[in-house]
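A.B. asks: Could you work out the structure for the sequence below:
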Amino acid sequence: MTKLRLYSAKACPFAHRTRLVLQEKAIDHELTEVDLQNKPRAFVDASLYGKVPAIEHEGHRIWESAIINEYLEEVFPDPPLLPREPGRRALARIWIDHANTRLVPAFGQLLRAETPDQEAEGRKALGDVLAFIEREALAKSSGPYWLGAEVSLVDLAFYPWFERLPAVGRLRGFSIPAELTRLRAWLDAVQARDAVRANLNPVDFYVERYAKFVKPATAA
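C.D. replies: Below is the predicted model of the structure:
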């Protein structure tokens, strides 16, 4: 089998997802770190969207993190990162979509706010998303992870934004509310995993990158 090649960028949370899956499954691969301001030709050929992550494997070019991660689950099934039962598997996909369509926009809304009103709206949007996760997912889980006792693609789809949340805390003064105890416990469980520790970046790494486009909120 041809060794898998991953095109990634260290700061990208979407690429972070796929690095975590590769680490959890101990998949041998070659890593190409991409300068997104100076994209190499091989990467442009691999990712028709011009975005990371992208992989090349067995003659296939695949991009978009959620799609790549399901491909890895199918081709490298052990250890499993999705439930076998179709209904549970569908639920996992719903939550991954929730990360993409709810958490990611709210995170960006707060980070990029340019006025006090926008910052307040972003703070509320992100707080609402986290409260929904606590209430509708983690409070109903039978274990420390999203779907129970075992880590899954859902955990790995959400985690990169939580690794970056302390940087938002420094720049915007936002943190996980103390009453969201299951969310905090989930984060502790995920952060303890070897795959997460192996890919961990310090808070300063994210602050430096986010500070470049975070403008202090000013009155309109």
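
A.B. asks: Quick check: phi and psi on the residue lying closest to residue 75 once chain neighbours are set aside?
C.D. replies: Excluding the flanking residues, the one nearest residue 75 by Cβ to Cβ, 6 or more residues apart in numbering is residue 57, at 7.4 Å. (Each C-beta comes from the backbone N, C-alpha and C, glycine too.) The phi and psi values for residue 57, taken as degrees, to the nearest 10, are phi -160, psi 130.

A.B. asks: And residue 57, how far from residue 121?
C.D. replies: 42 Å (Cβ to Cβ, to the nearest Å).

A.B. asks: So for those two, which residue has more residues nearby?
C.D. replies: Between residue 57 and residue 121, residue 57 has the larger neighbour count (other Cβ atoms under 10 Å), namely 19 against 15.

A.B. asks: who does the helix or strand bottoming out on mean pLDDT in the chain touch, helix- and strand-wise?
C.D. replies: Least confident helix or strand, the chain: helix 41-46 with a mean of 90, by mean pLDDT, DSSP states H and E. On a contact count with 3 or more Cβ pairs under 8 Å, 6 or more residues apart in numbering; DSSP states H and E, helix 41-46 meets strand 4-8, strand 54-57, strand 60-63.

A.B. asks: Rebuild those strands as JSON lines, extending it with distance to residue 150 and mean pLDDT.
C.D. replies: Shown next, in JSON lines, are the helices and strands packed on helix 41-46 (distance: least, Cβ to Cβ, whole Å; pLDDT from 0 to 100):
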{"stretch": "strand 4-8", "distance to residue 150": "23", "mean pLDDT": "97"}
{"stretch": "strand 54-57", "distance to residue 150": "24", "mean pLDDT": "97"}
{"stretch": "strand 60-63", "distance to residue 150": "25", "mean pLDDT": "96"}
